[in-house]
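Enquirer: sequence plus the predicted model coming up.
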Amino acid sequence: MNFETAELPFDRRVEYAAHLKRLRADDRVLRFWASVGDASIDMHVAGLPKDAAILVVEKDGVLLGALEAIPSRRKDGSLDVEFGISVDPDHRGGGVAHALVEAAIRWSFDMHAADLHATCLSRNTKMIALAKAHGMDIRREDGEILAVLPLAA
């Protein structure tokens, strides 16, 4: 199934927080690497940089999935984009995550980023499979997985 993605306007970030709060406890651990409560999610969303993009798939005004794309400058001046992704449990397995990663690749490329990457726990097999499906290089380090997609030629 094809999903339309969009960048969530800054003034709608409260909806992103609501999406994250719908995640089950085990999903929150995979997404945030720790057990987090609703207040921590509110602080996380409020602390996102203004230049971060929240890419979303929504239906009838409800976010089905979201991806944070956070740009940062390396010491050499090149741009790097890190992402974190989440999909509502009832909408997994239908292509929402794939649509969001494709949108992140396009967004990062348009930003002239050198690469797009994500870090996840080594037990997050769905994230690892998603990264592999998009051609990301998988590196294992100390119980963590670093998935990298070079974008610059």
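Expert: Yep, that arrived.
Enquirer: and the longest helix anywhere in the chain, what does it pack onto?
Expert: Counting by DSSP state H, the longest helix found in the chain is helix 96-110. Where contact means 3 or more CB pairs under 8 Å, 6 or more residues apart in numbering; DSSP states H and E, helix 96-110 is packed against strand 53-59, strand 62-73, strand 79-87, strand 115-121, helix 125-133. In short, each C-beta sits where N, CA and C put it, glycine included.
Enquirer: where does pLDDT dip in this structure?
Expert: 1, 153 (pLDDT under 70).
Enquirer: what secondary structure does the residue at the greatest distance from the centre of the chain sit in?
Expert: The centre of the chain is farthest from one residue, Asp76, which by CA atoms, centre = their mean lies 24.5 Å away. Following DSSP: H, G, I helix; E, B strand; the rest coil, the label given to Asp76 is coil.
Enquirer: phi and psi next, for Asp42.
Expert: Per-residue torsions, Asp42: phi -60, psi -40 (degrees, to the nearest 10).
Enquirer: count the neighbours of the nearest residue to it once chain neighbours are set aside for me.
Expert: Excluding its sequence neighbours, the residue lying closest to Asp42 (CB to CB, 6 or more residues apart in numbering) is Ala17, at 5.6 Å. When neighbours are counted by other CB atoms under 10 Å, Ala17 registers 15.
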